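In: This is the structure alone, sequence omitted:
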């Protein structure tokens, strides 16, 4: 006699949840991907009201998703905008200044994830100095009053 229950040995039915589990939150065609690039995914967390990283640039494209809170995002040539939890954003990288990525709210934290395609031998980001900001001020979109 066997102690094995035939019902327990039967294969479990496969899930079909995968067929409707995918939601596209963003599609983009980056202008370039640096030769030999490697991908880096990071999570950034800013406390309430934090202004975020000073003006900077990335050497390759970056794709992000806000997990919690609201980000004030501003890229060179584009007006600043708010990206809320559940929304995606991207930037081309290269010769584009990333002016803002700070917390738009002073009452809740901001958390977002970013996947960057990094150029070999270059840092993930480089801060832009005041001299360059002044030289390129005509490329910045008009600021809200």
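Out: Looks like it arrived, so ask away. No experiment lies behind these values; they were computed from the predicted model shown.
In: Mind pulling up the pLDDT for the closest residue to residue 105 other than its chain neighbours?
Out: Closest residue in space to residue 105, ignoring its immediate chain neighbours: residue 70 at 5.2 Å, by Cβ to Cβ, 6 or more residues apart in numbering. For every residue, glycine as well, the C-beta is placed using N, CA and C. pLDDT, residue 70: 98.
In: mind checking how far residue 70 is from residue 123?
Out: As judged by Cβ to Cβ, to the nearest Å, residue 70 and residue 123 stand 27 Å apart.
In: re earlier: which ones are touching the residue nearest to residue 105?
Out: Counting by Cβ atoms under 8 Å, 6 or more residues apart in numbering, residue 70 touches 82-85, 103-105, 108, 110.
In: Tell me how far it lies from residue 52.
Out: 12 Å.
In: Show me what the helix or strand residue 41 falls within is packed up against.
Out: Per DSSP states H and E, residue 41 falls inside strand 38-46. On a contact count with 3 or more Cβ pairs under 8 Å, 6 or more residues apart in numbering; DSSP states H and E, strand 38-46 meets strand 98-103, strand 110-118.
In: of these, which approaches residue 19 most closely?
Out: strand 110-118 (25.3 Å; Cβ to Cβ).
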